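> just a sequence and a predicted model for now, questions to come.
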Amino acid sequence: MAAAYELKLPPWPDVDFSAFGQTETVPLSRIQKLTGSYLSRNWVAVPHVTHHDSADITELEALRARLAQEGQAKPTLLPFLVKAVATGLQRYPVFNASLDASGEKVVLKKYVHVGVAVDTPKGLLVPVLRDCERKPVLTLAGEISEIAARAREKGLPMADMMGGCMSISSLGHIGGIGFTPIINAPELAILGVCKAEWTAKRHEGELAWRLMLPLSLSYDHRVINGADAARFTAHLREVLASPGSLLD
Ligand code: CAO
């Protein structure tokens, strides 16, 4: 009997690039090889859809400036995003879930742990911040700085990268208007974030300059539907637009 579906790929092209000009060959790092194999598996095995949206973070920017003026360390956007995602995971349990190994049952999680992609010289690492719904933004900010520095200097043990419910990949400090982040399976969704830009928008009946943050939410379409994704980013838009509630 024929297999229901078989992925038949042509062999990888074996090209002598030096035939076309000068080249240099360098090995991939251990981390690149490891993450590369998981990324390939997840890209092939998970039916990804990416939902794009944008959040008005004008008030959030003012809040960050106020915190800096009050002499507190100025947190970056990221801890606010972690907290916003944590509230989303609580409100929409279908995002705080995983398929079990049989692929026939959904495991709903009662904890809220959020992974954060960190770009290190040796490759991409995704440490997990625990119990994010219970932690104030400033605590999350401290944890992100500490674990990102550790990831860049020494790398991280597997234990620091396990147990995430959903991940965030922020390229906001560099640029871009949207991308398709690959889901960190068995998580069911990942939020990609690009650079916030001042944009002329209609706001409270008037044309105004607002700081708009691009959001790209990739989700596993076996479990999450487009309407769920639109609701999730609408929730992010709402909480990021009134960020006071995220501080605690
Ligand atoms: N829009 C505009 N500015 C942004 C921003 C955004 N979306 N996100 C961050 N910034 C700003 C920060 O606010 C900060 O400016 P201020 O000092 O004025 O606050 C500046 O950019 C630098 O931020 P940062 O990168 O030091 O800190 P972070 O908390 O935003 O991110 C970390 C920390 C570790 C997640 C990040 O440095 C990193 O490694 N990101 C890469 C993730 C990645 O590679 N993803 C791709 C995965 S797929 O290959």
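Yep, it's here. As the structure is a prediction and not an experimental result, all values here were calculated from the model.

> pick out the residue in this structure sitting closest to the ligand.
Residue nearest to the ligand within the chain: G172 (2.0 Å; CB to the nearest ligand atom). No exception for glycine: its C-beta is placed from N, CA and C like everyone else's.

> and that residue, helix, strand or coil?
coil (DSSP: H, G, I helix; E, B strand; the rest coil).

> counting contacts, what elements does the lengthiest strand in the chain pack onto?
Longest strand of the chain, by residue count under DSSP state E: strand 206-220. Strand 206-220 is packed against strand 48-56, helix 58-69, strand 189-193, strand 197-203, helix 226-241, with contacts defined by 3 or more CB pairs under 8 Å, 6 or more residues apart in numbering; DSSP states H and E.

> where does the prediction get shaky in this structure?
1-3 (pLDDT under 70).

> let's go with 80 and repeat that
1-7, 71-73 (pLDDT under 80).

> what does the protein have sitting close to the ligand?
Contacts of the chain with the ligand, taken as CB under 6 Å from any ligand atom, map to 74, 76-78, 116-119, 124, 144, 148, 169-173, 193, 195-196, 213.

> list the contacts of the closest residue in space to L60 that isn't next to it in sequence.
Spatial nearest neighbour of L60, chain neighbours left out: P243 (4.2 Å); criterion: CB to CB, 6 or more residues apart in numbering. Applying CB atoms under 8 Å, 6 or more residues apart in numbering to P243 gives the contacts 57, 59-60, 63, 80.

> partner strands of the longest strand of the chain, with direction?
strand 48-56 (antiparallel), strand 189-193 (antiparallel), strand 197-203 (antiparallel) (DSSP bridges).

> so which residue is smack in the middle of this protein?
I168 (1.8 Å; CA atoms, centre = their mean).

> okay, the angle between the helix or strand harbouring it and helix 226-241?
Following DSSP states H and E, one finds I168 within strand 166-170. Put simply, strand 166-170 runs at 60 degrees to helix 226-241, going by axes from the mean of the first three to the mean of the last three CA atoms, to 10 degrees.

> can you give the distance of strand 166-170 from its chain's centre?
1 Å (CA atoms, centre = their mean, to the nearest Å).

> the helix ranked longest in the chain packs against which elements?
Longest helix of the chain, by residue count under DSSP state H: helix 137-154. If contacts are counted by 3+ CB pairs under 8 Å, 6+ apart, helix 137-154 sits against helix 77-91, strand 114-116, strand 118-120, strand 128-129.

> can you lay out those as CSV showing mean neighbour count?
CSV is the format used below for the helices and strands packed on helix 137-154 (neighbours: other CB atoms under 10 Å):
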stretch, mean neighbour count
helix 77-91, 23
strand 114-116, 25
strand 118-120, 18
strand 128-129, 22
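
> could you dump the ones you listed to CSV with distance to G205?
Output for the helices and strands packed on helix 137-154, formatted as CSV (distance: least, CB to CB, whole Å):
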stretch, distance to G205
helix 77-91, 26
strand 114-116, 36
strand 118-120, 41
strand 128-129, 39
